[in-house]
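1. got a predicted structure here, sequence first:
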Amino acid sequence: MCGRYSLTKPPMRLRVGAEVVPLAMERSRYNVAPMQIAPVVRYRDGQLVTDELRWGLIPAWAKDAKFAAQCINARSETVADKPAFRSAFKSRRCLVPADGFYEWAAMAKQKLPWRFVRTDGEPFLLAGLWECWEPKEQPALREETFTILTTVPNEVTRPVHDRMPVILDAEAALRWLAPEATRETLSALCVPCPSDTLRRFRVSTVVNSARNDLPECVAPVPEQIGFTGI
DNA sequence: CCAGACGTTGTT
DNA sequence: GTCTGG
DNA sequence: CCAGACGTTGTT
DNA sequence: GTCTGG
């Protein structure tokens, strides 16, 4: 799956099709966690722009915001049909920029975090959906939220976890955002990225706590001999 | 008809 | 909002 | 995703 | 055990 990620080197230039979308951020994020605000790329007034949304999708019809924590990811295999996601899948697709993501390997009672980055050092564009939630009785609570799609793992992620985020290259990213894209076209994009585009390494359990948004979260640590967690 | 759910992951 | 279950 | 809380009343 | 918060 994808329950944490990073954006460590702003400002970044995100290549989407032939366009380059600038991503300006006030500070580096080493540990972006669910329920936090993070940038997404989407069409607004016909332009590709970045906007800050909350991670954890709340369907427009939800009675309260509790839905968010359960909807940090959407399974790409079923997203077109699930009540919570199908509307956003049809008309509110977005890209979630990241330059690394984390997965935990569970073994015995320990959970050890691994970090995944692109071998070419470029940022990821993750397939996402967004929604706008505005309770009638409390319009002030209006909020835009997003979720990240998942798919089956590739060779690099499989030893750590049985799900991984849908990672799009520049061309696939443009097709993901195309307003008139068909369900079939979109489904074809939701596959694991090639294994040679990813590498993994152990990081400190400092990343475990969402309160620790520190450079230490992204630093490699030695794998314990005889116990890597995978 | 109305009521109630609507989600993912991991673990056992 | 829309579908499923009763 | 993981970490941390999980409760009420009354008093300052 | 289960929910909330980050």
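-> Received, thanks.
2. can you pull the contacts of whichever residue of chain A sits closest to DNA strand D?
-> Nearest to DNA strand D in chain A, going by Cβ to the nearest atom of the strand, is A:Gly3, at a distance of 1.8 Å. (C-beta placed from N, C-alpha, C; glycine too.) Residues near A:Gly3 by Cβ atoms under 8 Å, 6 or more residues apart in numbering: A:Ala33, A:Pro34, A:Ile72, A:Asn73, A:Tyr102, A:Glu103, A:Trp104.
3. these also near DNA strand D: which ones?
-> Restricting these to those near DNA strand D by Cβ under 7 Å from any atom of the strand leaves A:Ala33, A:Pro34, A:Ile72, A:Trp104.
4. verify the contact between A:Ala24 and A:Pro10 for me.
-> Yes - using Cβ atoms under 8 Å, A:Ala24 is in contact with A:Pro10, at 6.5 Å.
5. how many residues are close by A:Leu214?
-> Applying other Cβ atoms under 10 Å, we find 15 residues neighbouring A:Leu214.
6. so it is in contact with A:Ser28, correct?
-> No - between A:Leu214 and A:Ser28 there is no contact under Cβ under 8 Å: 9.7 Å.
7. for the lowest-mean-pLDDT helix or strand in chain A, enumerate the helices and strands it packs against.
-> When each helix and strand of chain A is scored by mean pLDDT, DSSP states H and E, helix A:67-70 comes last, with a mean of 83. Helix A:67-70 is packed against no helix or strand, with contacts defined by 3 or more Cβ pairs under 8 Å, 6 or more residues apart in numbering; DSSP states H and E.
8. nice, that's everything, thank you.
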